[in-house]
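Visitor: Just the structure for this:
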Amino acid sequence: MQKLLLALVCASAALTAQAAVVSSLPGGTVLDMPSGTFDEAHVFGPQTLSDGVTWQSDSETQLFGYAGHYGFNLNGYWSGLPMAAANDASSKMQLAFAKPVGAVGALFNYSPNLGNATIAVYDANHVLIESTVLQIALPSDSVNQGVFYGFRASSANISYFEMSGAFIGAANFMVAAVPEPATYGMLLAGLGMLGLLARRRRH
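Guide: Below is the predicted model of the structure:
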């Protein structure tokens, strides 16, 4: 009976897990961001990051492709690193994918003394898949440092990647089209155990 329950849990976990928070995306594709001055990066409206990938923000101070000095107060600063930022304490920015992806992430930093920075992924119907609050603590004199945060979904169903709060900045966006092979392995292992146990019970 315990083996049967274990198999059910294993199969169920693979089917119901929506997205895992990850610290890297091995084999992912880097989305090249333009690099410019403050005036060049202070844009309005949606911006094309890559084919089928659009960036936008609800902030009037948004920055896209800014490569100048950008401070994160207690967490140091970036300089010469092309980045995107909503550029205030409460606004958000978003990547929208014309074709849903299985994983997405970026190098992040934020100003920890100005609130929480949150990232989240949504499906095509704007239903939340997963979210997390960033936890980054860096020396105040650090330069171009950050932490990679992202999500890997159980299927290629991520249509929106949202980032908000605390002057959050993002660089080196990455995507991956398919879920991790381990997800399928977990599902097959669980179903295989179910089949084996059912066969033994018949005998």
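
Visitor: What is the longest strand along the chain packed up against?
Guide: Criterion DSSP state E: the longest strand present in the chain is strand 92-101. Using 3 or more C-beta pairs under 8 Å, 6 or more residues apart in numbering; DSSP states H and E as the contact criterion, the secondary-structure elements in contact with strand 92-101 are strand 53-57, strand 158-164, strand 169-176. In short, each C-beta sits where N, CA and C put it, glycine included.

Visitor: and after it, which helix or strand comes next?
Guide: Using DSSP states H and E, the helix or strand that follows strand 92-101 towards the C-terminus is strand 103-109.

Visitor: If you count contacts, what does the helix or strand just after that next one end up packed against?
Guide: In the C-terminal direction, the helix or strand that comes right after strand 103-109 (DSSP H and E) is strand 118-122. Under the contact definition 3+ C-beta pairs under 8 Å, 6+ apart, strand 118-122 sits against strand 128-133, strand 147-153, strand 158-164.

Visitor: Swap in 6 Å and give it another go.
Guide: strand 128-133, strand 158-164 (3 or more C-beta pairs under 6 Å, 6 or more residues apart in numbering; DSSP states H and E).

Visitor: Same list (those) but as TSV, adding mean neighbour count, mean pLDDT and distance to residue 78.
Guide: Below are the helices and strands packed on strand 118-122 laid out as TSV (neighbours: other C-beta atoms under 10 Å; pLDDT from 0 to 100; distance: least, C-beta to C-beta, whole Å):
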stretch	mean neighbour count	mean pLDDT	distance to residue 78
strand 128-133	15	98	21
strand 158-164	22	98	15
